[in-house]
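S.K.: fold the following and give me the result.
(chains A and B)
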Amino acid sequence: MMITFMNSSDSEEEACNERTSLISVESPPAASYQDGLQAPEAAETQTYRKRHTGGSCSPSDADSGNSDSGLPVRDIAVDNKEEELTLKYGAKHVIMLFVPVTLCMIVVVATIKSVRFYTEKNGQLIYTPFSEDTPSVGQRLLNSVLNTIIMISVIIVMTVFLVVLYKYRCYKFIHGWLILSSLMLLFLFTYIYLGEVLKTYNVAMDYLTLFFVIWNFGAVGMICIHWKGPLHLQQAYLIMISALMALVFIKYLPEWSAWVILGAISIYDLIAVLCPRGPLRMLVETAQERNEPIFPALIYSSAMVWTVGMAKQDAASRGLTQQTWDSAEDVRDIHDNPAYVESEISEARSPAPTHPTTSLLEELEEEERGVKLGLGDFIFYSVLVGKAAATASGDWNTTLACFVAILIGLCLTLLLLAVFKKALPALPISITFGLVFYFSTDNLVRPFMDTLASHQLYI
Amino acid sequence: MTLAVFFGCTFIAFGPALGLFLFTVLRDPLRIIILIAGAFFWLVSLLLSSLVWFIAVKASDPGDEPLQKGLLIFGVLFSVLLQEAFRFLYYKLLRKAIEGLVALSEDGCSPISIQQMAYVAGLGFGLMSGAFSMINLLVDALGPGTVGIHGDSQLYFLTSAFMTMVMIFLHTFWGILFFHGCETQRWWEMAAVILTHLIVSGSTFWNPLYVGSLVPSYLLMFATAAWAYVLSGGCTQNLLQSLRGQQSETSPQPGS
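M.R.: Numbers count the residues shown, from 1 in each chain, chains lettered A, B, ... in the order given. Below is the predicted model of the structure:
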C-alpha cells in the first residue's frame, strides 16, 4: 500500500496503514483469539506461543499445555527461563531494530546532502494542494494545516479500505495492489534516483547498462519481498524502498506541511493502533485470529523465521538454517486452502509436538525471537531526519540530535512492547522526541554552539 | 582544508573513542543502549542550558560586549553544572535498571555491573559532546578556505581535534569517578569531577593561547585516567604485566 504518483494519477498513497505498528513476533494472541479457538493445531500454537511470552502466561495455560501435557514441570521451568530470556533478548531486539533504522536514515541523509534534486522544490503532491508560497505567516500556517487534513484523510480512507478488503478476504486485490506499488517503487523510483545520483557525480551510463541494472535490481527485489529470499536481502530491499519513499516525501512535501503532517501522523498512529475500533488494530487482530502473517511488503521483520515449509518434518530435524519468509506463500494459499495454511503455520511454529526433542525446541526458541516494525515507521523516521538534514541551518548537530532522539524513542517503545506484549504504535514517542529536538536544537542549541565554536570554548 | 585535514582531524578527535566503542561496546547490545541513552542525557542537558543562555541573551542588550561575554561565561559554567547534574540523574536511572535486571535474571546477578555502566555512560556523554563540538568543523574542513586568514590561529582545526579527543577521554573517566563516588557515598569524588570539569572548560577561555588550555587539560586527563584505573581495581603490577603481554591469575576479571 505504498506509493504515490506525485504528478500523475490514480494510484493511491498508502504509506502508513498498518505499516506504522510495532509488534513482537512472539506477542500473545489477542483476547478473542485466546478464547475462541477450537482447532487443536491452533491450540498447540497458542500454548507454544504463550510459552514464549514468559511472565504473562497464566499458570493454567502453562500447566495444561495439551501437546506436552506429559511434561508440566518442564513447562514451568521453561516459563521462568523464558521470562529471563525475553528480557535478555530484549536488548538484542532493540539493536536488531536500531541497525536498519540507522541504515535507512544514513541512506536518506547521505542522499539529501549530496544529491541536489531532493532538496529542490519542483511542485507538490496532489494530496497537498495548498501552496506555502504566501507572504503572511497566518495564511501559510492555515495552508499547511489544510494540507495535513487532506493528507491524513487520504491515509485514513486508504487504511480503512485496506482493512475492509482484508476482512472480506479479497486477498487477490490486496496482493495486486501491493505488487503494483512495489513495482512502482522498485523500478520507477529507483530509475529516478539512479538518474539523479549519476547526474550529481557526472557519471555517464548508457541505456543498456541502465536497463540491465534496474531490471535486475527490481526483479530480485520483487522476488525477495513478495516471495522468498534470504532474510538479509529482503531486509536490505525493505530498507531501500523505505528510503526511496522517504526521499519522495522530503522532496514533495512543503516545509511547514511536512512538520504538521509528521505530528498528525503520530497522533493518527496512536489512535489507529490503540483504539478498539482503530483500523490498524483491527488489521493486526484479524491477522492474528486467522493465524496469518501480515503482508511481507509492509513489515520489516528482524527475526529469523523458522519455516518448516510445507509440513516437511525432516527439514526441521535436519536443522536448516536457511531463513526465509514464507508468508507470501501463505497469503496466496489462504484463498485456496485455509485449513492447510493453519496447519502449516502450526507446523512452522510448533513442531515440538511431533518432535519433542529438547535441542530442537531450544533451537526454535533461539530462532523465533524477533520484532517487527512497519515500513511506515521507517519512512517517517527517515522523513524527519532527512528534513532536519535538508532544512536545518544548524546542519549536522540538528540531524544528529534528531537521530539520537528517534533511537531513544524507539528504545522506549520497545520497552513498552516488552511490558505490554501487544501491537504498539511506533511513531508517537519517536516522532515527538524528534520534533522537540529538531526545533529546540535548531533554535536554541545552534546559536549557543556557534558562539562557543567561534570562541573555541568547550563545555 | 582538504581531505587530508578532514581525515586527520576526524581520526585525532574520534579515533580513540571509536576504538573503545568497537572493542568494548559493540559486542553487547545492552551497552550500546546505555551508550545511546547516555548521549541522549547529555543532549538534554545541553538543550536546557542552551535554553537558559538563549533567554538570558534575548533579555539583554546585544550591543553590550562585556555583558555578552559575561553571559557566555555564565552559560558555559551553567552548562557544566547541568551536565554533571544529568550525569547524576543518569546514575539514578541506571541504578534502577540494574535492580530490574537483577530481578529478572535467573542467577540473581545482573548481566552488567555498575562499573561497566559507568564506563559506557561516560563514553556516551563524551561521544555526544565531541560530536557536537567537532562535526560541524569537520564538514567545514572538507570545503574550500584558508584557516586563520583574518589573523586567527592557523591551528584551529588541529587544536579543536585534540581538545575534542581529550574531552571524550575526560568524560569517560569522569563517568567512572562520578559513579564510583555515588556508589560509595564519597562526595568528594563527585566534587572533584565537577571541579575538574569546571577547570577544563574554564581553561578553554585561554584559547587561542593553546598552551593554556591543552596542556592543563591533558595533564588533568592523565591524572583522572590514573585515578579511574585505580578505582576500577587496577594496579601498577597489572599494568606492567599487560604491557608485557602476560596473563596474571590475580588480575580482576574483565567480565561483570
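S.K.: what's the closest residue to chain A within the stretch 151-256 of chain B in contact with, if anything?
M.R.: Across the stretch 151-256 of chain B, the shortest distance to chain A (C-beta to the nearest C-beta) belongs to B:Asn207, at 4.1 Å. (Glycine included, C-beta is placed from N, CA and C.) Going by C-beta atoms under 8 Å, 6 or more residues apart in numbering or on different chains, B:Asn207 touches A:His455, A:Gln456, A:Leu457, B:Thr159, B:Ser213.
S.K.: which single one of those residues is nearest to A:Thr159?
M.R.: Nearest to A:Thr159 among those, counting by C-beta to C-beta, is A:Leu457 at 50.6 Å.
S.K.: which pLDDT does the model give that closest one?
M.R.: Listed pLDDT for A:Leu457 reads 92.
S.K.: from chain B, how far off is it?
M.R.: 5 Å (C-beta to the nearest C-beta, to the nearest Å).
S.K.: name the nearest residue to that residue, ignoring sequence neighbours.
M.R.: Closest residue to A:Leu457 apart from its sequence neighbours, by C-beta to C-beta, 6 or more residues apart in numbering or on different chains: B:Thr204 at 4.9 Å.
S.K.: ok, now which ones touch that neighbour?
M.R.: By C-beta under 8 Å, 6+ apart, the contact list for B:Thr204 reads A:Gln456, A:Leu457, A:Tyr458, B:Met163, B:Ser213, B:Ser217.
S.K.: likewise for B:Leu43?
M.R.: A:Ala401, A:Val404, A:Ala405, A:Phe437, B:Met128.
S.K.: the residues you listed in helices, which ones?
M.R.: A:Ala401, A:Val404, A:Ala405, A:Phe437, B:Met128 (DSSP state H).
S.K.: for the stretch 301-450 of chain A, what lies in contact range of chain B?
M.R.: Counting by C-beta under 8 Å from any C-beta of the partner chain, the stretch 301-450 of chain A comes close to chain B at A:395-397, A:400-401, A:404-405, A:407-408, A:411, A:437, A:440-441, A:443-445, A:447-449.
S.K.: what is the subsequent helix or strand relative to the host helix or strand of A:Leu208?
M.R.: Per DSSP states H and E, A:Leu208 falls inside helix A:207-226. Sequence order places helix A:231-252 as the next helix or strand after helix A:207-226, per DSSP H and E.
S.K.: in the next helix or strand along the chain from that next one, what counts as buried?
M.R.: Once the chain leaves helix A:231-252, the next helix or strand it forms, by DSSP H and E, is helix A:255-274. For helix A:255-274, burial by neighbour count (16 or more other C-beta atoms under 10 Å in any protein chain shown) applies to A:256-262, A:264-266, A:268-274.
S.K.: helix A:255-274 to helix A:231-252, inter-axis angle?
M.R.: Relative orientation of helix A:255-274 and helix A:231-252, computed by axes from the mean of the first three to the mean of the last three C-alpha atoms, to 10 degrees: 140 degrees.
S.K.: only alpha carbons, please: show helix A:255-274 as PDB.
M.R.: Extracted in PDB, the C-alpha atoms of helix A:255-274 (Å, rounded to 0.1, in the frame of the first residue of the first chain):
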ATOM      1  CA  GLU A 255       8.100  22.900   4.600                       C
ATOM      2  CA  TRP A 256       5.600  23.500   7.300                       C
ATOM      3  CA  SER A 257       3.200  20.900   6.000                       C
ATOM      4  CA  ALA A 258       5.800  18.300   6.500                       C
ATOM      5  CA  TRP A 259       6.200  19.100  10.100                       C
ATOM      6  CA  VAL A 260       2.500  19.300  10.800                       C
ATOM      7  CA  ILE A 261       1.900  16.100   8.900                       C
ATOM      8  CA  LEU A 262       4.600  14.300  11.000                       C
ATOM      9  CA  GLY A 263       2.800  15.400  14.100                       C
ATOM     10  CA  ALA A 264      -0.600  14.500  12.900                       C
ATOM     11  CA  ILE A 265       0.600  11.100  11.700                       C
ATOM     12  CA  SER A 266       1.900  10.200  15.100                       C
ATOM     13  CA  ILE A 267      -1.500  11.100  16.700                       C
ATOM     14  CA  TYR A 268      -3.300   9.100  14.000                       C
ATOM     15  CA  ASP A 269      -0.900   6.100  14.600                       C
ATOM     16  CA  LEU A 270      -1.700   6.300  18.300                       C
ATOM     17  CA  ILE A 271      -5.400   6.300  17.700                       C
ATOM     18  CA  ALA A 272      -5.400   3.700  14.900                       C
ATOM     19  CA  VAL A 273      -3.300   1.100  16.800                       C
ATOM     20  CA  LEU A 274      -4.700   1.500  20.300                       C
END
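S.K.: who are the packing partners of that helix?
M.R.: strand A:21-24, helix A:137-167, helix A:279-289, helix A:375-391, strand A:424-425, helix A:427-440 (3 or more C-beta pairs under 8 Å, 6 or more residues apart in numbering or on different chains; DSSP states H and E).
S.K.: make CSV out of these and add mean neighbour count and mean pLDDT.
M.R.: Formatted as CSV, those follow (neighbours: other C-beta atoms under 10 Å in any protein chain shown; pLDDT from 0 to 100):
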stretch, mean neighbour count, mean pLDDT
strand A:21-24, 26, 61
helix A:137-167, 17, 93
helix A:279-289, 21, 89
helix A:375-391, 27, 94
strand A:424-425, 25, 91
helix A:427-440, 22, 95
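S.K.: as CSV, those with distance to B:Gly145 would be great.
M.R.: CSV is the format used below for these (distance: least, C-beta to C-beta, whole Å):
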stretch, distance to B:Gly145
strand A:21-24, 45
helix A:137-167, 36
helix A:279-289, 51
helix A:375-391, 22
strand A:424-425, 46
helix A:427-440, 28
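S.K.: out of everything not next to it in sequence, what's closest to the residue nearest the centre of chain B?
M.R.: Against the mean C-alpha coordinate of chain B, by C-alpha atoms, centre = their mean, the closest residue is B:His171 at 2.3 Å. Of all residues not flanking B:His171 in the chain, B:Gly126 sits nearest, at 3.2 Å (C-beta to C-beta, 6+ apart).
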